[in-house]
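sequence first, predicted coordinates after that:
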Amino acid sequence: SGSVTTQYNPNYEFGGIVTTIADLQHIPREQLRLVKALGQGAFGEVYQGCYRQRPCDTVEMPVAVKTLQEMTVKQAEDDFLTEALIMSKFNHPNIVHFIGVCFDKTPKFIILELLTGGDLKNFLRESRPKPDRPSPITMKDLLFIAIDIARGCRYLEEKRFIHRDIAARNCLLTTKGPGRVAKIADFGMSRDIYRADYYRKDGKAMLPVKWMPPEAFLEGIFSSKTDVWSFGILLWEIMKMGFMPYTGCTNKEVMDLVVQGGRLERPENCPGPIYGIMASCWHPQPEDRPTFATILERLGYCGQDPDVTTAPLPMFYLNVSSERDTT
Ligand SMILES: C[C@@H](Oc1cc(-c2cccc(S(C)(=O)=O)c2)cnc1N)c1cc(F)ccc1N1NC=CN1
């Protein structure tokens with residue numbers, strides 16, 4: 001008989017319920033139209049597309065389409081499926097909505113809600129006040145973005161799901177304008193670990209060390225307190241409007257610094273209460289870090305404090321190119 005390919009069919013367990021590929025919403029490919037490339041994802045190009053919910057429909061819904069490139073290794077196929085299974089189980093306004101998959105033939109697609117504000121890191125950098133152009137956003141806007149992501153993280157904490165890569169690059173905005181909503185929109189790291197229980201890519205070089213607490217990068221211990229530490233780093237990214245944390249340091253230098261108690265400094269113009277929250281996320285002992293419920297409470301108070309919401313944004317004079325995102 002011909003070679004038997006063992007079809008990887010993961011049973012994904014979340015919240016006590018087991019899900020498999022058969023449970024995923026399958027979208028007929030002909031109801032999908034790819035419009036323009038948005039950029040490279042881990043498996044292949046990500047597109048903006050249009051989805052007609054019923055063949056006879058004339059109305060189309062804008063969507064994001066993650067594609068799995070045609071010539072790919074089996075491992076990537078399995079990772080792609082696992083990512084779809086993970087995202088299909090979430091149901092929260094601050095986590096990107098999963099619409100469905102096209103897995104009937106290649107290229108395979110994962111179809112997601114399209115967030116036309118793009119990713120948070122780029123938005124923060126674009127929104128910096130310049131000498132000739134005041135910022136289009138205020139400290140209050142930054143605080144509301146932080147509150148949105150904290151809500152998404154609290155939902156994951158309640159579901160006992162560890163994200164492992166909370167960072168501005170993995171968050172998106174529904175729009176750049178007022179009324180924007182921030183969402184957690186990439187689950188690549190938690191997918192890798194779910195499938196392998198360790199980081200199987202080429203070793204530590206790929207790990208987001210600058211967003212990780214000591215017990216994670218030293219002993220591989222992960223919990224929701226790992227995500228709390230990362231959220232503290234994300235809060236710093238927000239207050240620094242998209243700077244790279246520990247600018248100019250290598251991962252090794254950051255690990256040594258953090259183990260010795262070194263921490264990111266209070267960003268210029270960052271209100272004290274907000275710096276107090278991020279600093280509390282960086283307790284050396286995981287159990288001394290707050291829960292996301294507590295973080296949300298404290299961010300809520302900041303939102304009611306005029307000294308915080310009316311604080312000026314930092315000024316940026318030179319376009320420091322060294323902020324490129326090298327983890
Ligand atoms: C997978 C992809 O998902 C999306 C990207 C964009 C999106 C990304 C960039 C620009 C625009 S926009 C402003 O042209 O609408 C929309 C909008 N909606 C998505 N659901 C994504 C999720 C993230 F959490 C972070 C980055 C990306 N990517 N992947 C490739 C590029 N970004």
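Yes, it's here.

worst mean pLDDT across the helices and strands of the chain, which element?
helix 188-196 (a mean of 83; mean pLDDT, DSSP states H and E).

packing partners for that helix?
helix 74-88 (3 or more CB pairs under 8 Å, 6 or more residues apart in numbering; DSSP states H and E). The C-beta positions use only the backbone N, C-alpha and C, and glycine is treated the same way.

so the residue nearest the centre of the chain versus the ligand, what's the distance?
Geometric centre of the chain, nearest residue: Asn170, 2.6 Å, by CA atoms, centre = their mean. Asn170 sits 5 Å away from the ligand when distances are taken as CB to the nearest ligand atom, to the nearest Å.

same thing with Glu113?
Distance of Glu113 to the ligand, computed by CB to the nearest ligand atom: 6 Å.

again, but for Thr116
Counting by CB to the nearest ligand atom - Thr116 and the ligand are separated by 4 Å.

neighbours around the residue lying closest to that residue once chain neighbours are set aside, how many?
Closest residue to Thr116 apart from its sequence neighbours, by CB to CB, 6 or more residues apart in numbering: Thr175 at 5.8 Å. Using other CB atoms under 10 Å, Thr175 has 13 other residues around it.

Gln53 now?
12.

okay but Asp227 is in contact with Arg160, surely?
No. The criterion here is CB atoms under 8 Å, and Asp227 misses it with Arg160 at 11.2 Å.

compare these two (neighbour count), which wins?
Set Asp227 next to Arg160 and count neighbours by other CB under 10 Å: Asp227 wins out with 27 against 10.

ok, back up a step: leaving out the residues flanking it, which one is nearest to the residue nearest to the centre of the chain?
Leaving aside its chain neighbours, Asn170 sits nearest to Asp186 (3.9 Å; criterion: CB to CB, 6+ apart).

secondary structure class of that neighbour, three-state.
At Asp186 the chain is in coil, as set by DSSP: H, G, I helix; E, B strand; the rest coil.

what does Asp256 give?
helix.

so how far is Pro284 from it?
14 Å (CB to CB, to the nearest Å).

for Leu38, pull up the helix or strand it's in.
Element membership of Leu38, judged by DSSP states H and E, is strand 32-40.

show me what that strand is packed against.
So strand 32-40, by 3+ CB pairs under 8 Å, 6+ apart, packs with strand 45-51, strand 61-68.

just name the most buried of those strands.
Comparing the helices and strands packed on strand 32-40 by mean neighbour count (mean count of other CB atoms under 10 Å), strand 61-68 comes out on top with a mean of 21.

can you name every helix or strand that that one contacts?
Using 3+ CB pairs under 8 Å, 6+ apart, strand 61-68 sits against strand 32-40, strand 45-51, helix 74-88, strand 108-113.

most tightly packed of the ones you listed?
strand 108-113 (a mean of 22).

could you report the neighbour count for the closest residue to Pro214 other than its chain neighbours?
Sequence neighbours aside, Val259 is the residue nearest to Pro214 in space, at 5.4 Å (criterion: CB to CB, 6+ apart). Residues lying near Val259 (other CB under 10 Å) number 12.

and for the one 5 residues further on?
By the criterion of other CB under 10 Å, Leu264 has 24 neighbours.

just to check, it is in contact with Ile233?
Yes. Between Leu264 and Ile233 a contact is recorded at 7.3 Å, counting by CB under 8 Å.

now do the shared contacts for these two.
Counting by CB atoms under 8 Å, 6 or more residues apart in numbering, the residues touching both Leu264 and Ile233 are 245, 278.

from Tyr275, how far off is Cys281?
Where Tyr275 is concerned, Cys281 sits at a distance of 11 Å (CB to CB).

which of those two has more neighbours?
Each of Cys281 and Tyr275 has its neighbours counted (other CB under 10 Å); Cys281 has more, 22 against 18.

show me what from the stretch 1-150 of the chain comes close to the ligand.
Within reach of the ligand by CB under 6 Å from any ligand atom, the stretch 1-150 of the chain has these residues: 38-39, 41, 46, 64, 66, 96, 112-116, 118-119.

8 Å instead?
With CB under 8 Å from any ligand atom as the criterion, the stretch 1-150 of the chain comes near the ligand at residues 36, 38-41, 45-46, 48, 63-64, 66, 96, 112-119, 122.

what's the closest non-adjacent residue to Ala279?
Per CB to CB, 6+ apart, closest to Ala279 is Arg263, 6.7 Å.

can you check Ile184 too?
Gly152 is the one closest to Ile184 (CB to CB, 6+ apart), at 4.4 Å.
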